[in-house]
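Peer 1: Using only what follows, build the 3D model:
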Amino acid sequence: MNRLPPVVCTTIVRTAHKSENHGGIFLVDLETGRYSQIVDWTDESIDWAGRGGDRGLRGMATYKGELWVAASRALHVFNQDFEVVRSYTNSFLKGIHEIYRDENKLLITSTAYDCIVEFDMDAEEFGDVHWLSRRGEDDDDAYIQYQILSSNSKLLDEMDDTLHINNISIHGDYMLAGASRVGALLVLNKGQIFPFGKIPVVTHNAQPFQGGVVYTLAEKGSLNIDEISGKSRYAFDLIRYPEQNLLHGNLKREFAHQGFARGLCMLDEDILVTGSSPATLSVYSLSQNKCLKTINMTMDVRQATHSIVPWPP
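Peer 2: Presented below is the predicted three-dimensional model:
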């Protein structure tokens, strides 16, 4: 790759209070290191409970020159001037993490409800809801149940966050979900489910890559690529800053801390970009087996990265 491209990156400001900025979108030139916050998200109609709650902006995808961005309970469509031109919501959307575009179909991880929701970007209609849920009283008899529902189903009251589904991708005829509480990718196909690979728990962004699995280890703060067997192929520890340089560095770890890894963009088979807190993008080369550069947008440890995509599309 001769020149690293610009990207956009969403963020969530953990523990932000009502009337405060609680996330946004940064435009980052990976080649020069220049950046600017182009969207300052201040929606006050959200649920402010918990460390993250409904705060900030999450998964992103591009389609027909527009930027599709998920908030916790809605999809917002931005034009190239980063103005919201349309929004969509559905009762099955809550705690959205990543989204994924497959041609004109958008797949939305609705983490709080253990499901993946389909959306037709041309017809502007919600479609099937893929509901996965942990069943069984203890680990010995636990299993994952998979049902395909309509977006008008009445089963919402039965749904909960038992798996913490946070990533979705399409590979061939199969949909693969990454979940923080499952030690493998979940392959979904026509109502059937089976595991793929072996990964740790508490991952984000897990998906197939080069015959193995790539993921970020959220709490450890690393970017990893493993063989299907679970054997490590690459493991990169993300940057840490001197504690005295952090803003809000005195917060309890369960609320916000540096090195929280989330956000992954594969620019090609060699160059990967990942995110961490406080709002940092790190660029890695697999062929050189090293970090090429890091770009920090703020030292506020509450500001956690979420999704990264090249821009303009």
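
Peer 1: Please name the residues that touch residue 6.
Peer 2: For residue 6, the residues meeting the contact criterion (Cβ atoms under 8 Å, 6 or more residues apart in numbering) are 27-30, 310-312. Glycine gets a C-beta too; all of them are placed from N, C-alpha and C.

Peer 1: how about the nearest residue to residue 265, chain neighbours excluded?
Peer 2: Spatial nearest neighbour of residue 265, excluding adjacent residues (Cβ to Cβ, 6 or more residues apart in numbering): residue 308 at 4.0 Å.

Peer 1: just checking, what packs against the host helix or strand of the one you found?
Peer 2: For residue 308, the element it lies in under DSSP states H and E is strand 303-310. On a contact count with 3 or more Cβ pairs under 8 Å, 6 or more residues apart in numbering; DSSP states H and E, strand 303-310 meets strand 6-13, strand 60-63, strand 96-102, strand 261-266, strand 271-276, strand 280-285.

Peer 1: the inter-axis angle of that strand versus strand 6-13?
Peer 2: Note on geometry: by axes from the mean of the first three to the mean of the last three Cα atoms, to 10 degrees, strand 303-310 and strand 6-13 are set 150 degrees apart in direction.

Peer 1: Give me the buried positions along strand 303-310.
Peer 2: Residues 303-309 are the ones in strand 303-310 that count as buried (16 or more other Cβ atoms under 10 Å).

Peer 1: related to what we said a few turns ago, may I ask you to confirm that the residue nearest to residue 265 is in contact with residue 5?
Peer 2: No. Contact criterion Cβ atoms under 8 Å: residue 308 and residue 5 do not qualify, at 11.1 Å.

Peer 1: before we move on, the earlier item: could I get the buried residues of strand 303-310 as a markdown table with distance to residue 164 and pLDDT?
Peer 2: Below are the buried residues of strand 303-310 laid out as a markdown table (distance: Cβ to Cβ, whole Å; pLDDT from 0 to 100):
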| residue | distance to residue 164 | pLDDT |
| --- | --- | --- |
| 303 | 21 | 91 |
| 304 | 16 | 91 |
| 305 | 18 | 95 |
| 306 | 15 | 95 |
| 307 | 16 | 98 |
| 308 | 20 | 98 |
| 309 | 22 | 98 |
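
Peer 1: Now for the residues you listed: which two are most distant?
Peer 2: 303 and 309 (18.3 Å; Cβ to Cβ).

Peer 1: which non-adjacent residue is nearest residue 298?
Peer 2: Using Cβ to Cβ, 6+ apart, the nearest residue to residue 298 is residue 279, at 4.8 Å.

Peer 1: got it, and residue 165?
Peer 2: Residue 165 sits nearest to residue 179 (Cβ to Cβ, 6+ apart), 4.6 Å away.

Peer 1: what residues are up against the one you found?
Peer 2: 132, 163-166, 186.

Peer 1: low pLDDT regions in the stretch 101-250 of the chain?
Peer 2: 137-141 (pLDDT under 70).

Peer 1: Just list the residues touching the residue lying closest to residue 124 once chain neighbours are set aside, thanks.
Peer 2: Nearest non-adjacent residue to residue 124, counting by Cβ to Cβ, 6+ apart: residue 88, 6.9 Å away. Taking Cβ under 8 Å, 6+ apart as the contact definition, residue 88 lies against 74-75, 77, 119, 124, 126.

Peer 1: go with 10 Å
Peer 2: By Cβ atoms under 10 Å, 6 or more residues apart in numbering, the contact set of residue 88 is 68, 74-77, 106, 108, 119, 121, 124-126.

Peer 1: May I see the residues you listed arranged in CSV, with distance to residue 13 and neighbour count as well?
Peer 2: What follows is those, written out as CSV (distance: Cβ to Cβ, whole Å; neighbours: other Cβ atoms under 10 Å):
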residue, distance to residue 13, neighbour count
68, 21, 23
74, 18, 16
75, 20, 24
76, 17, 19
77, 23, 18
106, 25, 24
108, 22, 28
119, 26, 22
121, 28, 19
124, 30, 10
125, 32, 12
126, 29, 22
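
Peer 1: Out of those, which comes closest to residue 265?
Peer 2: residue 68 (15.3 Å).

Peer 1: my read is the closest one is in a strand, agree?
Peer 2: Yes. Counting by DSSP: H, G, I helix; E, B strand; the rest coil, one finds residue 68 located in a strand.

Peer 1: so residue 90 sits right up against residue 117, yeah?
Peer 2: Yes. Proximity of residue 90 to residue 117 meets the contact threshold set by Cβ atoms under 10 Å, at 6.5 Å.

Peer 1: The two: who's more crowded?
Peer 2: It is residue 117, of residue 90 and residue 117, that has more neighbours when counted by other Cβ atoms under 10 Å, with 25 against 18.

Peer 1: what sits in contact with each of residue 308 and residue 5?
Peer 2: Going by Cβ under 10 Å, 6+ apart, residues that sit against residue 308 and also against residue 5 are 28, 30, 265, 267, 273.
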